[in-house]
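In: Provided below for reference: sequence and predicted model.
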Amino acid sequence: MLIVGPEDEFNVALSMELGAKLIPVERRVFPDGEVCPRVLGKVAGERVVLSMRMKAGSCQPNSYIMEVLFTIRNLKEHMKADSVIALMPYFPYARQDAIFREGEPLSSKYVANLLEDSGADAVITFTAHLHRISDIRDLFSKSDFLNLSGFEALARELRRLPLKDPFILGPDTESINWARELAQHYGTDEYDAFGKERDISTGEIRTLTKQLDLRGRDVIVVDDIVSTGGTMANALKSAREMGARCLIAAFVHPVLAPGSLERLLGAGADIVISTDTLEWVGSRATVVPTVASVLSGR
Ligand code: R5P
């Protein structure tokens, strides 16, 4: 097995854990925005794991998808790899897993189809935000699709903190599943979630709190994604108003649009913990061991 991807900390760690050689990819971008990812090594006849991530703070899902599609096709068609597993730790367009308003695309499915058509034998991701699809493997018809939990890595990191009477809180109704998943990995049954209303056109958020006794407790507000930080910031503020002592903002995917981190800190976050599913210097929890254990069994 070969790891093919940028020579960054994530891929170096993954190749070391698996004892697999890392073949670098040079991520060239032309001045007009066109991408030209170049594989710097031989892969003929090999099982390849293509591992590429987006950058937090300046996420460019469209360029990223093109880079991944071009590289998979190149690896299979021209460079004659035997098989390609695409490791996309944060799956772009997953949130558009339904047609919310007439005339919109079903983007998550279209991205899956593009990956299959380019020749991906399998796709591995973490905590895909697919709430309205009952079986997420339905997205793909040919390729294998693995949706791993990013909460295992978060829990591992959270357990290092000496928290007082911890409570895990999701910021909106859908996040009760994330709160439960994190609670299971962390080893507690102290969790719940607020509600949220979002104006579908303006994106404006209103948090609907509920009766919870958070006084003097350390509260871990957990979500899958922080993008603008609005959802998480509202919940942090409410938790503080309800008497929380230390506030931890914990999330899997640090999309972190400009201004979001300031929003979290301004809302009272004492500690920010995310995984490394996107490139971010602040990521404290790594998903590399989870990927490595799945890949070593394949
Ligand atoms: C939405 O349902 C997701 O789980 C997140 O809550 C959302 O994507 C966070 O977005 P933002 O940081 O922009 O509020």
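Out: Looks like it arrived, so ask away. Numbers count the residues shown, from 1 in each chain.
In: What parts of the stretch 1-150 of the chain come near the ligand?
Out: Along the stretch 1-150 of the chain, the residues adjacent to the ligand under the rule CB under 6 Å from any ligand atom are H129. In short, each C-beta sits where N, CA and C put it, glycine included.
In: which residues in the stretch 101-250 of the chain form helices?
Out: 107-118, 151-158, 176-186, 230-241 (DSSP state H, counting those that start in this stretch).
In: which stretches of this protein have low pLDDT?
Out: Counting by pLDDT under 70, the chain shows low-confidence ranges at 134, 136.
In: can you give me the strands in it?
Out: Using DSSP state E, the strands found in the chain span residues 2-5, 21-29, 35-39, 47-51, 83-87, 122-126, 144-148, 167-170, 191-193, 195-198, 205-208, 219-226, 247-254, 271-274.
In: Packing partners of the third one?
Out: Using 3 or more CB pairs under 8 Å, 6 or more residues apart in numbering; DSSP states H and E as the contact test, the elements touching strand 35-39 are strand 21-29, helix 61-73.
In: list the buried ones in the last one?
Out: Of the residues in helix 61-73, those scored as buried under the neighbour-count criterion (16 or more other CB atoms under 10 Å) are 64-69, 71-73.
In: With the shortest one instead?
Out: Applying a neighbour-count criterion of 16+ other CB under 10 Å, one finds 22-25, 27 buried in strand 21-29.
In: Run me through the strand neighbours of it, direction for each.
Out: strand 2-5 (parallel), strand 35-39 (antiparallel) (DSSP bridges).
In: Determine how far the shortest one lies from the middle of the whole chain.
Out: It refers to strand 2-5. The chain centroid and the centroid of strand 2-5 are separated by 20 Å, computed with CA atoms, centre = their mean, to the nearest Å.
In: cool, and stretch 186-205?
Out: Here the centre of stretch 186-205 is set off from its chain's centre by 17 Å, with CA atoms, centre = their mean.
In: one step back: okay, the helices and strands packed on strand 35-39 in JSON lines with distance to F167 next?
Out: Rendered in JSON lines, the data for the helices and strands packed on strand 35-39 read as follows (distance: least, CB to CB, whole Å):
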{"stretch": "strand 21-29", "distance to F167": "41"}
{"stretch": "helix 61-73", "distance to F167": "34"}
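In: follow-up on the earlier one: what's the closest of the strands paired with strand 21-29 to I85?
Out: strand 2-5 (10.0 Å; CB to CB).
In: quick one: contacts of that closest one?
Out: 11, 14-15, 18, 20-25, 39, 41, 43, 46-52, 71, 75, 87 (CB atoms under 8 Å, 6 or more residues apart in numbering).
In: mind redoing it with 6 Å?
Out: Residues outside strand 2-5 that contact it (CB atoms under 6 Å, 6 or more residues apart in numbering): 11, 14-15, 20-23, 25, 39, 43, 46, 48-52.
In: Stretch 79-86 now?
Out: Where contact means CB under 6 Å, 6+ apart, the residues beyond stretch 79-86 that reach it are 43-50, 72, 75-76, 120-123.
In: Next: stretch 192-206.
Out: 170-173, 175-176, 179, 207-209, 212, 230-231, 234-235.
In: A250 is in contact with I220, correct?
Out: Yes: under the criterion of CB atoms under 6 Å, I220 makes contact with A250 at 5.2 Å.
In: Looking at these two, which one has more neighbours?
Out: Comparing I220 with A250 by other CB atoms under 10 Å, the one with more neighbours is I220, at 31 against 28.
In: what are the bridge partners for that one, then?
Out: Using DSSP bridges, the beta-bridge partners of I220 come out as I168, I248.
In: What of I225?
Out: So, taking DSSP bridges as the rule, I225 has H253 as bridge partners.
In: pretty sure it contacts H253?
Out: Yes: applying CB under 6 Å as the test, I225 and H253 come out as touching, 4.5 Å apart.
In: The two: which has the busier surroundings?
Out: Here I225 and H253 are compared on neighbour count by other CB under 10 Å; more neighbours surround H253, at 28 against 21.
In: tell me which parts of the stretch 151-298 of the chain are close to the ligand?
Out: The interface of the stretch 151-298 of the chain toward the ligand, taken as CB under 6 Å from any ligand atom, is made up of 172, 174-175, 223-232.
In: Can you turn the buried part of these into a ChimeraX selection?
Out: For anyone working in ChimeraX, the buried entries among those, judged by 16+ other CB under 10 Å, can be selected with:
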select :172,174,175,223,224,225,226,227,228,229,230,231,232
